[in-house]
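**Q** give the three-dimensional model of this entry:
(one chain, ligands or ions: 1)
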Amino acid sequence: MDVILIGYGRMGREIERVLVDRGHRCVARVDPRADGADARSLDEIPGAGANAGRTAARTPADCAIEFAHSEGVVDNARWYGAHGIPAVVGTTGWEAERESVRRIVEEAGSGYLWGANFSVGANLFFALVEAAGVLLHRFEDYDAMMLETHHRHKKDSPSGTALEAARRLLEVYRRKSDIVTDALQRPIEPHELHVASVRGGSVPGIHELTFDSPFDSITIRHSARTRAGFALGSVLAAEWLAGRSGFFSVDDFFADRLKGQGEV
Ligand SMILES: NC(=O)c1ccc[n+]([C@@H]2O[C@H](COP(=O)([O-])OP(=O)(O)OC[C@H]3O[C@@H](n4cnc5c(N)ncnc54)[C@H](O)[C@@H]3O)[C@@H](O)[C@H]2O)c1
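**A** This is a model prediction of the structure:
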């Protein structure tokens, strides 16, 4: 595939490496600031002027992969739609615009796949959390809790990944209904799931779900080593999106893979 990268920061560079490894071509790197970018905006890409979508069916690439900043997500979605280019979007922090983007994509009839965590391992972790929740729900001796650890620069807590894992657990582990993220100055209620965060050092991200009983303890742990896992997941998602139209989330892609339809 010929791919346009939108955002040439830490993730964009990692994705470029994975694209090349998998035999794809990076035909443009779009970033208003980054060194090494060859276009400052999408409209600077040759053959992709502001009116190109209306006046000529120019498609300067087979796919776009966007890991940039949330402010650009809506305008970029219009551009992908106008040019008929499927897009994989890993940029986070645009929950409020999700429905507008969905409408843009549906009106354009293009393909769009977004996700807050493209790591194959993290998505396997989510699947294991759900499976464990189904099992452990039946054993009242076991109580559940979650802990996540990240490097000292991380701005938000708990991580989006921890919240997603907690949300998925609560769907199947019906004895708990509420997520509590604060430091507790009281005993926790049985229906509350405590999701705690620790910050420090350079840890790329550790997520642990523990089921604890008076007799023993079971922990499921995902520990990221590098950003390469996110990058690989986004490229696999782009390969999956080719030839599909619609507004997808990374869950649709991994659910398909976990059903055994293709290799991860
Ligand atoms: N979904 C996932 O699996 C996953 C994993 C890691 C990071 N992320 C998210 O991806 C995004 C990028 O992460 P990063 O670590 O590469 O950040 P980064 O700050 O290293 O790089 C982001 C780059 O995007 C550029 N940019 C900003 N606005 C742009 C626009 N409108 N068009 C093109 N480029 C633009 C910036 O100049 C910067 O170079 C963040 O939102 C981050 O939360 C998602």
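
**Q** count of neighbours near the residue in the chain that the ligand sits nearest to?
**A** With CB to the nearest ligand atom, the shortest gap between the chain and the ligand falls at residue 9, namely 1.8 Å. The C-beta positions use only the backbone N, C-alpha and C, and glycine is treated the same way. Counted by other CB atoms under 10 Å, the residues lying close to residue 9 total 14.

**Q** what's the spacing between it and residue 67?
**A** 7 Å (CB to CB, to the nearest Å).

**Q** if we can go back for a sec, can you verify my assumption that the residue of the chain closest to the ligand contacts residue 68?
**A** Yes - with contact defined as CB atoms under 8 Å, residue 9 counts as touching residue 68 (7.5 Å).

**Q** overlap in contacts of these two?
**A** Listed as contacting both residue 9 and residue 68 by CB atoms under 8 Å, 6 or more residues apart in numbering are residue 31.

**Q** would you map the strands across this structure?
**A** Counting by DSSP state E, the chain has strands at residues 2-6, 25-30, 63-66, 87-89, 111-114, 143-150, 178-180, 192-199, 206-212, 217-223, 246-249.

**Q** sorry, back to before: now the residue of the chain closest to the ligand: phi and psi?
**A** Residue 9 has phi and psi values of phi -100, psi -150 when expressed as degrees, to the nearest 10.

**Q** any idea how far residue 167 is from it?
**A** Taking CB to CB, one finds residue 9 at 28 Å from residue 167.

**Q** for residue 112, which non-adjacent residue is closest in space?
**A** residue 105 (4.2 Å; CB to CB, 6 or more residues apart in numbering).

**Q** please name every helix or strand in contact with the longest helix that the chain contains.
**A** Counting by DSSP state H, the longest helix found in the chain is helix 120-136. When contacts are defined as 3 or more CB pairs under 8 Å, 6 or more residues apart in numbering; DSSP states H and E, helix 120-136 packs onto helix 160-172, strand 206-212, strand 217-223, helix 228-241, helix 250-258.

**Q** residue 126: which of those is closest?
**A** Taking CB to CB, helix 160-172 is the member of these nearest to residue 126, at 5.5 Å.

**Q** who does residue 2 bridge with?
**A** On DSSP bridges, the residues paired with residue 2 through beta bridges are residue 25.

**Q** ok, it touching residue 25?
**A** Yes - Residue 2 is in contact with residue 25 according to CB under 8 Å; the separation is 5.1 Å.

**Q** who has more neighbours, those two?
**A** Between residue 2 and residue 25, residue 2 has the larger neighbour count (other CB under 10 Å), namely 14 against 11.

**Q** that one and residue 230, how far apart?
**A** Counting by CB to CB - residue 2 and residue 230 are separated by 22 Å.

**Q** what's the answer for residue 237, then?
**A** 11 Å.

**Q** between the two, what contacts are shared?
**A** residue 118.

**Q** lowest confidence element among the helices and strands of this protein?
**A** helix 52-55 (a mean of 42; mean pLDDT, DSSP states H and E).

**Q** what distance do you get for residue 167 to residue 174?
**A** 14 Å.

**Q** and the two? Which one has more around it.
**A** Using other CB under 10 Å, the more surrounded residue of residue 167 and residue 174 is residue 167, with 13 against 10.

**Q** which residues does that one contact?
**A** Counting by CB under 8 Å, 6+ apart, residue 167 has contacts residue 179.

**Q** let me see the confidence value for it.
**A** Confidence at residue 167, expressed as pLDDT, is 95.

**Q** thought residue 77 was touching the residue nearest to residue 112, still the case?
**A** Yes - with contact defined as CB under 8 Å, residue 105 reaches residue 77; the gap is 6.3 Å.

**Q** shared neighbours, these two?
**A** residue 112.
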